[in-house]
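Undergrad: Following is a predicted model, sequence given first.
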Amino acid sequence: MISGEQIMQNKDYQYVMNNTKWNEIRIAMSSFTSTLQWRTKDFETAHISTWDSEWL
């Protein structure tokens with residue numbers, strides 16, 4: 001299985017955030033008292049995920 005990092009390198013994509021920034025977002029989102037929902041979009045297929053609200 002190809003990792004996300006390998007896909008990013010093979011396609012010449014650039015990272016938007018490093019691990020420190022992802023951790024800061026995770027901490028910020030987990031501190032909200034209400035439930036937050038989000039979706040993601042795949043760069044390769046343009047697939048948009050269903051809504052999700054679990055952020056661990």
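TA: Structure received.
Undergrad: Would you map the helices across the protein?
TA: Secondary structure of the chain by DSSP state H: the helices cover 4-10, 19-30.
Undergrad: rank these by pLDDT, which is bottom?
TA: Lowest mean pLDDT of these: helix 4-10, a mean of 66.
Undergrad: Spit out the contact partners of the residue lying closest to Asp52 once chain neighbours are set aside.
TA: Excluding the flanking residues, the one nearest Asp52 by CB to CB, 6 or more residues apart in numbering is Trp38, at 6.2 Å. C-betas here are computed from N, CA, C, even on glycine. Taking CB atoms under 8 Å, 6 or more residues apart in numbering, we find Trp38 in contact with Trp51, Asp52, Ser53.
Undergrad: Who are the contact partners of the last one?
TA: Pointing back at Ser53 there. Contacts were defined as CB under 8 Å, 6+ apart; by that measure Ser53 touches Thr35, Leu36, Gln37, Trp38.
Undergrad: can you count the residues close to Met29?
TA: For Met29, the count of nearby residues is 13 (other CB atoms under 10 Å).
Undergrad: one step back: pipe the contacts of Trp38 into JSON lines and attach distance to Ser30 and pLDDT per row.
TA: Output for those, formatted as JSON lines (distance: CB to CB, whole Å; pLDDT from 0 to 100):
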{"residue": "Trp51", "distance to Ser30": "18", "pLDDT": "94"}
{"residue": "Asp52", "distance to Ser30": "14", "pLDDT": "90"}
{"residue": "Ser53", "distance to Ser30": "12", "pLDDT": "85"}
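Undergrad: now, among those residues, which is nearest to Met29?
TA: For Met29, the closest of those turns out to be Ser53, at 9.8 Å, with distances computed as CB to CB.
Undergrad: Tell me how far the closest one lies from Thr20.
TA: Counting by CB to CB, to the nearest Å, the gap between Ser53 and Thr20 amounts to 24 Å.
Undergrad: what does Trp51 give?
TA: In this structure, Trp51 lies at 27 Å from Thr20, with CB to CB as the measure.
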